[in-house]
Structure formats: C-alpha cells, structure tokens
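Quick one, what's the 3D model for this:
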Amino acid sequence: MNVIAYAGASSAGATPPPPPPSSKTVRVLIKGRVQGVFFRDWTVENAKQLGLRGWVRNRRDGSVEAVFSGRTDAVQEMVDRRCRVGPPHAAVTGLSSFPVEEEMDLNESFQRKPTA
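Next comes the predicted model:
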C-alpha cells in the first residue's frame, strides 16, 4: 500500500511557521560634519532601500535628526551600520538613538523635512 502525503497536511512534528518580523520606531540624533554633505538625501535613499518609513531633517544646532520605522533588522541596519558612517563627505562624531513608544503619523515613504 502506498501512502501519499499532501502539501499542507498537518503532522504532529511539523514546525509552525515563523512569526512575522517585529517592527520598531526610533528617533536618532547625528552629530559631526553632517550638514552640507548631502546627509539628508543620502538618508532618504538608504531608508527607502531598506523599506523604512519616517523622516530626516537638519537642526539649527548643526545636527541631523531622523525617525526610522520598520522591520527591526532594517532599523538596526540603518542606525548602527549606515548612519554611524554616513555619506562619503560626512564625519559622524556622535549618534544617539531613542525608542519611540507613541504612535507617529508616518507616511508610507521616507521624507525629507524642513530644518527645525
């Protein structure tokens, strides 16, 4: 007798599907030579590549501020690996990241905002 297994048939030892990827939102302040070196445009481009939502803007004190929202791994990549270095002519001397707990009204794409 032949036994035929059908796709989707359950078995006692089957592994459940992985949970959906977690998401997070962080606010980041970046200091150093980060204005006048295309940091904001570079940030928009990189955030879009990673599928993040949020925004970036210059601050009057010479820093750059951003909010990144999306898959946890993509947010970590943006903050820990990309923003710590920045575009070619930037010189990042400090980066602070803060979790954002409250709901934010973020567009579906990443935006460049006016200086604050």
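
shaky segments in this protein?
1-21 (pLDDT under 70).

Buried residues, the strand ranked longest in it. List them.
Looking across the chain with DSSP state E, the single longest strand is strand 23-33. Buried positions in strand 23-33, judged by neighbour count with 16 or more other CB atoms under 10 Å: 25, 26, 27, 28, 29, 30, 31, 32. C-beta coordinates here come from the backbone N, C-alpha and C atoms, glycine included.

any chance of those residues in CSV, plus distance to residue 39?
CSV is the format used below for these (distance: CB to CB, whole Å):
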residue, distance to residue 39
25, 20
26, 17
27, 16
28, 12
29, 12
30, 7
31, 11
32, 9
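
ok, those vs residue 99, which is closest?
The closest of those to residue 99 turns out to be residue 26 (CB to CB; 5.8 Å).

Can you tell me, leaving aside adjacent residues, what's nearest to that closest one?
What sits nearest to residue 26 in space, not counting adjacent residues and going by CB to CB, 6 or more residues apart in numbering, is residue 97, at 5.1 Å.

Next: residue 96.
Closest residue in space to residue 96, ignoring its immediate chain neighbours: residue 29 at 4.7 Å, by CB to CB, 6+ apart.

so that neighbour bridges to which residues?
Beta-bridge pairing of residue 29 under DSSP bridges involves residue 65, residue 96.

Got the phi and psi for the residue nearest in space to the middle of the chain?
Nearest to the mean C-alpha position of the chain, by CA atoms, centre = their mean, lies residue 75 at 2.9 Å. Dihedral angles of residue 75 (phi, psi; degrees, to the nearest 10) stand at phi -60, psi -40.
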